[in-house]
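Engineer: Quick one: sequence plus predicted model below, questions after.
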Amino acid sequence: MEKIEYTPEGTCSKKISIVLEDDRVTSLDFKMGCPGNLQAVKALVEGMKREDVIARLKGINCYGKGTSCPDQLAIALSGQDAKDAQKDQDTDESEAC
């Protein structure tokens, strides 16, 4: 079992707590944030493989913030620092033009 406690940056949520077993999300909890949306994210990703969650949620943008609670979840699961992940996204966006 792996436990991840992550402090997101640039979002309304203040903490993400994740439990993984056999590389699948078995428990997910957000502190603060938009309750309905975060309950939906939890319901959708629990039971999913880590890499599938990352692939689906990475890069989701909330109100032009450059990140979102789902994006921060993907960053937490990938083991990246939030600032490094933002730099990667900025690079990806500039390469797409």
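Structural biologist: Happy to help now that I have it.
Engineer: tell me which element the spatially most central residue of the chain is part of?
Structural biologist: Against the mean C-alpha coordinate of the chain, by C-alpha atoms, centre = their mean, the closest residue is residue 73 at 1.4 Å. Using DSSP states H and E, residue 73 falls within helix 69-78.
Engineer: CA atoms only: put that helix into CSV for me.
Structural biologist: The C-alpha atoms that make up helix 69-78 are tabulated as CSV, following Å, rounded to 0.1, in the frame of the first residue of the first chain:
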residue,chain,number,x,y,z
CYS,A,69,-7.9,19.9,-8.9
PRO,A,70,-7.9,17.0,-11.4
ASP,A,71,-4.6,18.2,-12.9
GLN,A,72,-3.1,18.5,-9.4
LEU,A,73,-4.2,14.9,-8.7
ALA,A,74,-2.4,13.8,-11.9
ILE,A,75,0.7,15.7,-10.7
ALA,A,76,0.5,14.1,-7.3
LEU,A,77,0.2,10.6,-8.8
SER,A,78,3.1,11.2,-11.2
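Engineer: now stretch 16-24: how far from the chain's centre is it?
Structural biologist: Put simply, stretch 16-24 sits 12 Å off its chain's centre (C-alpha atoms, centre = their mean, to the nearest Å).
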